[in-house]
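Asks: Would you be able to build a 3D model of this:
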Amino acid sequence: MRLMNSTDLRYFAVVARLGAMSRAAAELNTVQSNVTARIRQLEASLGVELFLRESRGVSLTDAGRRLVPIVQSMERLMDEAKGAVRDDGRPRGPLVLGSLETTAAYRLAPIVIEFSANFPEVDLAIKTGTNDVLLNDVIDGRVDGAFVASPLDRSDLESCVVFAEELVVVSQAGTSLAVGPASPRTTIVVKGTGCSYRQRLEEILLDEGVGVLRRIELGSLDAILSCVAAGLGVTLLPRSVVDSSRERPKLDLRTLPGHKGRVQTLFVCRKGARKSSPLRAFQQSVDPRATRPTA
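Replies: Numbers count the residues shown, from 1 in each chain. Below is the predicted model of the structure:
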């Protein structure tokens, strides 16, 4: 029986992600017939079909879906192995981090400036996203670490507190967010599903007896605050973000009691994974308890 090899598994991973042999061939810089042959060889070696061939592409069988996380784990291990043998302890090379947009826009500049000055050979890149997307990116190895919002209940991640923020409900100036039976529904202006501030705002409204009439989803903080200033709805953001906005004179802020009005920004990375020298250096810059490599 022909044994599996890493090339077959890499082709499988790309086809599974893209759902089409032709698209996989383009990404792998080869011809479609080669991709098809590799997949058939892998299926023969395993004795099962991994894909259902359809007119518009392919879809995973149950066996294929079970194989996906195993192949992803193998790819991460190979990447870690390559990084381990090339890492001599000196912080240099790529470091990809994730961040909430609010954190990237209003909090990270001093950290990035100091880190870049101390470790000029590290190529730092910041990717922004919602809380849920960033957590998945860390687990799947697409980023080395990320700034996310608390609370965090994940046994597969390690974290440290970096910032503490005050959250406020934001509405158009001269208005207030009425609560209770007299005004049972309102419009919220938020980022997409997976945004921690959106989730918390909906929980706050539910606790106060206010339902969500509709959701206006926007991709940037500036757009959200502009819509709120125009009276299209309410939102929830850190006070520091709102105070820094050019829309601030057009906005009213409502403070929240206790834990509702507090959120911590955490820096997280995957527990148990090998940490590169750039990641260890960055982690120490935001968490002095971490061991710092030599510059």
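
Asks: So in this protein, which helix runs the longest?
Replies: Using DSSP state H, we find that the single longest helix of the chain is helix 62-86.

Asks: helices and strands around that helix, which ones?
Replies: For helix 62-86, the elements it packs on are helix 6-18, judged by 3 or more CB pairs under 8 Å, 6 or more residues apart in numbering; DSSP states H and E. C-beta: built from backbone N, CA, C; applies to glycine.

Asks: and with 10 Å instead?
Replies: helix 6-18, helix 32-46, strand 51-54, strand 57-60, strand 93-99, helix 277-286 (3 or more CB pairs under 10 Å, 6 or more residues apart in numbering; DSSP states H and E).

Asks: Residue 162 in helix, strand or coil?
Replies: Under DSSP: H, G, I helix; E, B strand; the rest coil, residue 162 falls in the strand class.

Asks: show me where the stretch 151-295 of the chain has helices.
Replies: Applying DSSP state H, counting those that start in this stretch to the stretch 151-295 of the chain gives helices spanning 196-207, 221-229, 239-243, 277-286.

Asks: circling back to that earlier point, just name the most buried of the helices and strands packed on helix 62-86.
Replies: Among the helices and strands packed on helix 62-86, helix 277-286 has the highest mean neighbour count (mean count of other CB atoms under 10 Å), at a mean of 21.

Asks: Tell me how far that helix lies from the chain's centre.
Replies: 19 Å (CA atoms, centre = their mean, to the nearest Å).

Asks: Give the burial count for residue 24, as a bare number.
Replies: 26 (other CB atoms under 10 Å).

Asks: returning to that earlier point: could you give the angle of the longest helix of the chain to helix 6-18?
Replies: 120 degrees (axes from the mean of the first three to the mean of the last three CA atoms, to 10 degrees).

Asks: Contact partners for residue 99?
Replies: Taking CB atoms under 10 Å, 6 or more residues apart in numbering, we find residue 99 in contact with 105, 107-108, 126-129, 134, 143, 145-148, 265, 267.

Asks: So which of the residues you listed is the closest to residue 42?
Replies: For the contacts of residue 99, the minimum distance to residue 42 (CB to CB) is 28.9 Å, reached by residue 143.

Asks: thought the closest one was touching residue 97?
Replies: Yes: under the criterion of CB atoms under 10 Å, residue 143 makes contact with residue 97 at 5.8 Å.

Asks: tell me, what's touching those two both at once?
Replies: 125, 126, 127, 134, 137, 269.

Asks: Going by distance to residue 38, which of these wins?
Replies: When those are compared against residue 38 (criterion: CB to CB), the nearest one is residue 137, at 27.7 Å.

Asks: hmm, back to that, would you mind writing the PyMOL command to select the buried ones in the shared contacts of residue 143 and residue 97?
Replies: The PyMOL command for the buried members of the shared contacts of residue 143 and residue 97 (criterion: 16 or more other CB atoms under 10 Å) is given here:
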select buried, resi 126+134+137+269
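
Asks: Any chance of the helices and strands packed on helix 62-86 in CSV with mean pLDDT and distance to residue 224 as columns?
Replies: Converted to CSV, these look like this (pLDDT from 0 to 100; distance: least, CB to CB, whole Å):
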stretch, mean pLDDT, distance to residue 224
helix 6-18, 88, 31
helix 32-46, 91, 43
strand 51-54, 89, 40
strand 57-60, 89, 36
strand 93-99, 93, 17
helix 277-286, 90, 27
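
Asks: Sounds good, over and out.
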